[in-house]
Structures are given as C-alpha cells and as structure tokens.
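[1] One predicted model, sequence on top.
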Amino acid sequence: MTESLDTTPAARTLPGRLSFIFAGGGTGGHLYPGVAVAEAMEQRLGRPPDIIWAATPRAVDRRLLTRYGEQYIAQTVQPLKRNPLSLPGFYIAWRDSCRYWQNQFMRRPPSAVLALGGYAAGPAAYVAHRMGIPVGLLNPDALPGLANRFLMAHVDRIFVQWPMADSQSRKFLSLIYVSGCPVRSGLVGLPREDAIKRLGLDAARRTLVVTGASLGARTINDAMVELRHDREFLDLLNRPHEDFAGWQVLLLTGMEQAAAIGSAMVATSDGPQTKNTGARHWHLLDYADDMAAVWAASDLVIARAGAGTCAELTACGLPSILLPYPHHRDQHQRANARNLEQAGAAILLTDQLNARKNAVAIKEVFSALLMDRPRLRTMAESARRQGKPDAAGQVADWLIEQGIKRPINNSSRVVQTGVSPLGT
C-alpha cells in the first residue's frame with residue numbers, strides 16, 4: 001500500500017513509513033527549532049511524523065517534549081567540560097549512549113537523523129553517520145560550538161542561519177545550506193489585542209519584554225531588579241505619550257530563578273522611593289508556554305542572543321537590546337548579536353557581570369530609544385527583513401527526501417512515550 005505525499009516541488013508516492021530521530025536538547029534553543037521542523041513535516045505529510053527525540057533529563061526537555069506528545073529518550077550523555085577529572089564520566093556516558101543507538105538502529109534504522117545541536121545531539125548523529133543513515137545538522141549560531149564542530153564531519157547536510165565564515169567551517173562548504181533557523185509557524189501573526197488579553201496586560205501601554213530564554217539569565221534578571229527601584233527608570237516607564245499611556249514590563253525569569261527574583265522584586269516595591277510608581281505594570285513569568293502571545297505583545301525586547309531568540313525576533317520583526325551570554329569561550333552569542341546589530345535590528349550591549357552597571361547601560365539605551373521613536377520603527381523593519389520564515393520547511397523537505405530514499409517498513413516502536421531506556 002502506498003500513500004500520496006504532497007511536498008515541494010511536486011507530489012510523490014511514498015513506499016512504506018517514515019521514521020526519524022531528532023537528537024538534541026537541554027535548552028529551548030535546541031528543542032524549539034526541532035519542534036518547528038516537526039510541525040512543517042506534519043503540514044507536508046498530512047499527519048504527525050514518526051519522531052523519537054534523543055534528548056536530556058533536564059526539566060525543559062520534559063516540559064516541552066511531553067507537551068508535544070512525542071517519544072522522548074532522556075540520554076545519559078554529558079557535556080564535555082574543561083576539567084580533566086570529568087573525562088572518565090564523559091567517556092562512559094558517551095559510550096553507553098552510542099551503544100544504545102547502535103543497537104536501536106540495527107533493529108530499526110530510521111529514515112534520517114536531525115541533529116539539533118549541542119552535546120545531546122552527538123551520539124545518535126555520530127552512530128547514524130557511521131551506519132550510513134542520512135544525518136542533517138542544525139547550526140543556527142554564527143559560530144559552531146564544540147559539539148557541532150565535531151558533528152560537521154559526520155553529517156550529510158548542515159543548515160545554518162547565517163553564512164559561515166570561520167576557518168573550520170570552510171572545510172564543509174559543500175554541505176552548508178543557508179536556510180535560516182527554524183521557527184514555529186504559530187509564533188507569527190497573532191493579533192496584538194488577543195496577546196494582551198491572554199497575558200493579562202494593559203492594552204493602553206507598550207510592552208518591554210525581558211527574557212533570558214528558557215533557562216533565564218541571572219545577570220539580566222538582577223539588572224531588572226535594580227531598575228525596579230530606580231526612580232528615573234520608573235518615571236521613563238510611566239511617562240505618558242500622545243498615543244499610549246507609558247510602558248509595562250513583562251519579565252521572563254526562567255524556572256530556576258523565578259522565586260528569588262520574585263522575592264527581590266517584592267522587596268524593592270515597598271520602599272518610599274517606589275511608592276505609587278506603577279508596580280502593577282511589572283509582570284513576572286517563570287516560563288512562557290505561549291511565546292506567540294509574548295512576541296505579539298512586545299514593542300521592545302531585552303534578551304540574550306541565542307540563535308533561536310535571534311531567529312524569533314527577526315521572524316516577528318521586533319527591535320531588541322541584546323546582552324549576549326558572556327561566559328562562552330568562543331563568544332558565539334556575541335557573533336549572533338553582531339549580525340542583528342549590523343542589520344540595524346538590534347543594539348548590542350556587553351554583559352558587565354554587575355547588576356548596577358548593566359542596569360545603567362540598559363536605562364541609557366532605553367531612554368535614547370524613547371526619544372527616537374523613528375529608530376524603533378526602523379529597527380523593527382530591519383529585523384523583519386532578516387527573517388527567514390520558511391527555514392523549517394526547507395529542513396522538513398530535506399528530511400522527507402531522505403525518507404523517500406529510505407522507507408521504513410518495520411512497525412515496531414523503539415520505546416514507549418516518556419520512558420528512558422538509559423537509566424536516567
């Protein structure tokens with residue numbers, strides 16, 4: 001029995017069933033692009049694709065993947081750390097994860113593997129390549145990290161957000177395809193009034209969204225605590241304009257930091273310097289499942305510069321103030337932010353690892369933008385021009401093409417939903 005598949009550029013007939021491994025996790029930045037590709041595949045196939053997620057035991061993986069009802073494997077693989085004492089543990093976890101995937105692929109080889117980047121993508125992608133199974137790699141950062149640099153030599157296609165200019169990537173130019181970073185289609189197009197209602201915000205005010213992505217950013221959160229009791233900043237927020245009644249703040253703290261930041265915000269709201277300065281216009285969320293509403297309500301964003309965040313900002317056409325994560329050895333978030341800055345879509349600030357210094361820098365830029373509203377509009381337009389809305393579709397098409405070449409006829413499942421076969 002065959003079934004008709006309508007894909008770009010033309011409809012094809014598929015023999016058998018398609019099965020895929022999506023490998024990676026640990027942060028929303030790794031998982032959300034995979035979710036976007038899965039959604040694009042479903043649109044093309046007319047049904048949910050058969051996907052097994054090779055992820056991590058972290059809470060963000062469980063929250064995201066359980067929500068989407070997919071098969072989820074919490075691998076034991078660990079990141080490679082600088083401390084030499086961690087090498088034995090890394091090697092054992094790597095070996096065990098590779099052995100698991102080798103056994104699974106011998107029983108039921110998938111049509112293809114999509115490596116979502118990072119250490120959790122390594123074992124399944126590496127084993128698949130050695131067994132002749134097609135492997136695609138998402139590398140949405142301007143500079144590839146350690147795990148992705150390793151994987152580049154073990155894949156068949158590399159999907160990137162920006163052209164790769166570093167010397168190591170030049171060796172793989174024949175594999176590199178500038179597709180953009182996959183973004184979920186549902187993130188774009190929600191009417192602002194609906195977003196405001198869903199988030200419980202004030203429709204008469206503009207919205208400053210502050211986010212450190214799924215895990216939160218402590219230095220940005222601490223800077224916002226400082227600004228919460230900075231009278232000048234509060235006056236800037238509450239200053240009415242001809243067409244709006246001031247600003248409101250929506251702060252996404254990250255799940256692990258929510259309690260501490262919430263307590264600090266409450267503590268700073270009781271002093272005489274903050275009395276009647278609009279505490280009700282500060283809104284805290286530990287994690288936003290409804291990012292479509294967050295972005296639709298946004299007028300300006302303060303954020304890290306992870307690849308996924310940059311892709312979503314451009315897809316939604318949002319101006320931003322970016323403070324890249326400061327502790328990466330290769331400073332790849334800074335390279336991401338520089339792409340948006342050079343396009344006129346963002347203002348790049350250095351995270352000074354000091355709450356007060358960061359607060360002063362943010363206040364200065366925010367104040368300047370309030371005085372130059374045409375620049376805010378220009379930044380938004382520049383961001384939108386950088387967006388690549390069909391990135392997920394391009395990756396989905398490649399994966400489906402591999403499935404056409406490698407149909408899977410074995411109907412057995414690898415694991416039951418939510419079960420970890422690796423003992424985590």
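    On my side now, so go ahead.
[2] Name the helix or strand for the closest residue to A391 other than its chain neighbours, please.
    What sits nearest to A391 in space, not counting adjacent residues and going by CB to CB, 6 or more residues apart in numbering, is G180, at 3.4 Å. Every C-beta, even on glycine, is put in place using the N, C-alpha and C of the backbone. Using DSSP states H and E, G180 sits in no helix or strand.
[3] got a pLDDT number for G180?
    Per-residue confidence (pLDDT) for G180: 95.
[4] Verify the contact between it and V395 for me.
    No - counting by CB atoms under 8 Å, G180 stays clear of V395, with 9.4 Å between them.
[5] re the thing from before, quick one: neighbours of the residue nearest to A391, just the number.
    G180 sits with 24 neighbouring residues when counted by other CB atoms under 10 Å.
[6] same question, L85
    Neighbour tally, L85, other CB under 10 Å: 7.
[7] What of F20?
    F20: 25 neighbours (other CB under 10 Å).
[8] V294 now?
    Applying other CB under 10 Å, I find that V294 has 25 neighbouring residues.
[9] How about D156?
    16.
[10] Could you measure from the closest residue to V77 other than its chain neighbours over to L114?
    Closest residue to V77 apart from its sequence neighbours, by CB to CB, 6+ apart: S97 at 4.2 Å. Distance, S97 to L114, using CB to CB, to the nearest Å: 17 Å.
[11] Pick out whichever of the two has more residues nearby.
    Remark: of S97 and L114, L114 carries more neighbours, 34 against 25, as counted by other CB under 10 Å.
[12] Quick check: phi and psi on L252?
    Main-chain dihedrals, L252, degrees, to the nearest 10: phi -100, psi 110.
[13] Let me see the contact set for it.
    By CB atoms under 8 Å, 6 or more residues apart in numbering, the contact set of L252 is V209, V210, T211, G212, G216, L285, D286, Y287, A288, V294.
[14] Among these, name the ones in strands.
    V209, V210, T211, L285 (DSSP state E).
[15] and the second one, how many neighbours does it have?
    Residue crowding around V210 was assessed by other CB under 10 Å; the count is 22.
[16] Beta-bridge partners for it, please?
    On the basis of DSSP bridges, V210 is bridged to L251, I302.
[17] was I right about it contacting R304?
    No - taking CB under 8 Å as the definition, V210 is not a contact partner of R304, at 10.4 Å.
[18] Quick check: neighbours shared by the two?
    The overlap between the contact sets of V210 and R304 (CB under 8 Å, 6+ apart) consists of I220.
[19] circling back: among the contacts of L252, show me the least confident.
    G216 (79).
[20] Could you check how far the nearest residue to that one once chain neighbours are set aside is from A121?
    Spatially, and ignoring its direct neighbours in sequence, G216 is nearest to G254 (1.7 Å; CB to CB, 6+ apart). Distance, G254 to A121, using CB to CB: 22 Å.
[21] S179 too?
    Taking CB to CB, one finds S179 at 17 Å from A121.
[22] Pull the helix ranked longest in the chain out as PDB, backbone CA atoms only.
    Secondary structure of the chain per DSSP state H: the longest helix is helix 87-107. C-alpha atoms of helix 87-107 as PDB (Å, rounded to 0.1, in the frame of the first residue of the first chain):
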ATOM      1  CA  LEU A  87      36.700  12.900  31.200                       C
ATOM      2  CA  PRO A  88      36.100   9.400  32.500                       C
ATOM      3  CA  GLY A  89      32.400  10.200  33.300                       C
ATOM      4  CA  PHE A  90      32.000  11.900  29.900                       C
ATOM      5  CA  TYR A  91      33.500   8.900  28.100                       C
ATOM      6  CA  ILE A  92      31.400   6.300  29.900                       C
ATOM      7  CA  ALA A  93      28.200   8.300  29.200                       C
ATOM      8  CA  TRP A  94      29.200   8.800  25.600                       C
ATOM      9  CA  ARG A  95      29.900   5.100  25.100                       C
ATOM     10  CA  ASP A  96      26.700   4.000  26.700                       C
ATOM     11  CA  SER A  97      24.600   6.400  24.600                       C
ATOM     12  CA  CYS A  98      26.400   5.400  21.400                       C
ATOM     13  CA  ARG A  99      25.900   1.700  22.200                       C
ATOM     14  CA  TYR A 100      22.200   2.200  22.800                       C
ATOM     15  CA  TRP A 101      21.700   3.900  19.500                       C
ATOM     16  CA  GLN A 102      23.700   1.400  17.600                       C
ATOM     17  CA  ASN A 103      21.500  -1.400  19.000                       C
ATOM     18  CA  GLN A 104      18.400   0.500  18.100                       C
ATOM     19  CA  PHE A 105      19.500   1.400  14.600                       C
ATOM     20  CA  MET A 106      20.400  -2.300  13.900                       C
ATOM     21  CA  ARG A 107      16.900  -3.300  14.900                       C
END
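[23] helices and strands around that helix, which ones?
    For helix 87-107, the packing partners by 3 or more CB pairs under 8 Å, 6 or more residues apart in numbering; DSSP states H and E come out as helix 122-130.
[24] Check which helices and strands the next helix or strand after the helix it packs on sits against.
    The helix or strand immediately downstream of helix 122-130 is strand 135-139, counting by DSSP H and E. Helices and strands touching strand 135-139, by 3+ CB pairs under 8 Å, 6+ apart, are strand 112-115, helix 122-130, helix 146-151, strand 157-160, helix 391-405.
[25] As TSV, these with mean pLDDT and distance to R239 would be great.
    Shown next, in TSV, are the helices and strands packed on strand 135-139 (pLDDT from 0 to 100; distance: least, CB to CB, whole Å):
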stretch	mean pLDDT	distance to R239
strand 112-115	98	48
helix 122-130	97	51
helix 146-151	93	45
strand 157-160	97	42
helix 391-405	95	39
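[26] wait, which of the ones you listed is closest to T350?
    Among those, helix 146-151 comes nearest to T350, with 23.1 Å by CB to CB.
[27] Please point out which parts of stretch 354-362 sit buried.
    Buried residues in stretch 354-362, counted by 16 or more other CB atoms under 10 Å: A355, N358, A359, V360, A361, I362.
[28] would you turn these into CSV with pLDDT, distance to L313 and secondary structure?
    Below are the buried residues of stretch 354-362 laid out as CSV (pLDDT from 0 to 100; distance: CB to CB, whole Å; DSSP: H, G, I helix; E, B strand; the rest coil):
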residue, pLDDT, distance to L313, secondary structure
A355, 94, 24, helix
N358, 97, 20, helix
A359, 97, 22, helix
V360, 97, 24, helix
A361, 98, 19, helix
I362, 97, 17, helix
